[in-house]
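[1] fold the stuff below for me.
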Amino acid sequence: MFTIYKYIYVEAKAAGYFSFGKHRGIIDKYCQEGWRFVSAIPTVFNIIGVIKQYDLVFEKEV
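    Residues are numbered from 1 along each chain as shown. The predicted model follows:
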């Protein structure tokens, strides 16, 4: 047989020069709820190509 997974995408802002990203806290929170972190997909870039925002992808077996 095969396993079916449910996926969610959580938006997170990238860290800047004077700020820290909150991605670690987000990943910890969802993993405690039974989700498994899969990947981070960049979704927003500034004019010179620096990542400004990304989607954190989590999966859970259905």
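
[2] can you name the residues bridging to the spatially most central residue of the chain?
    By CA atoms, centre = their mean, the chain has its centre lying nearest to L56, at 1.3 Å. Taking DSSP bridges as the rule, L56 bridges to V10, A40.

[3] do the same with the one 4 residues further on
    Using DSSP bridges, the bridge partners assigned to K60 are K6.

[4] my guess is it contacts K6. True?
    Yes - using CB atoms under 8 Å, K60 is in contact with K6, at 5.3 Å. Every residue, glycine included, has its C-beta placed from N, CA and C.

[5] ok, those two, which is more surrounded?
    Using other CB atoms under 10 Å, the more surrounded residue of K60 and K6 is K60, with 13 against 10.

[6] contacting residues around the more buried one?
    Applying CB atoms under 8 Å, 6 or more residues apart in numbering, we find K60 in contact with Y5, K6, I8, G34, W35, R36.

[7] for PyMOL, what selects the buried ones among these?
    Entered in PyMOL, the line below selects the buried ones among the contacts of K60, by 16 or more other CB atoms under 10 Å:
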select buried, resi 35
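
[8] mind giving me a markdown table with the contacts of K60 and columns for pLDDT and distance to F20?
    Output for those, formatted as a markdown table (pLDDT from 0 to 100; distance: CB to CB, whole Å):
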| residue | pLDDT | distance to F20 |
| --- | --- | --- |
| Y5 | 97 | 30 |
| K6 | 98 | 30 |
| I8 | 98 | 23 |
| G34 | 98 | 26 |
| W35 | 98 | 22 |
| R36 | 98 | 24 |
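
[9] which among the contacts of K60 gets closest to P42?
    Using CB to CB, I8 comes nearest to P42 of the contacts of K60, at 17.5 Å.

[10] same for the strand or helix carrying that closest one, what does it pack against?
    In the assignment (DSSP states H and E), I8 maps to strand 5-13. Other elements packing on strand 5-13 under the criterion 3 or more CB pairs under 8 Å, 6 or more residues apart in numbering; DSSP states H and E are helix 23-32, strand 36-45, strand 51-61.
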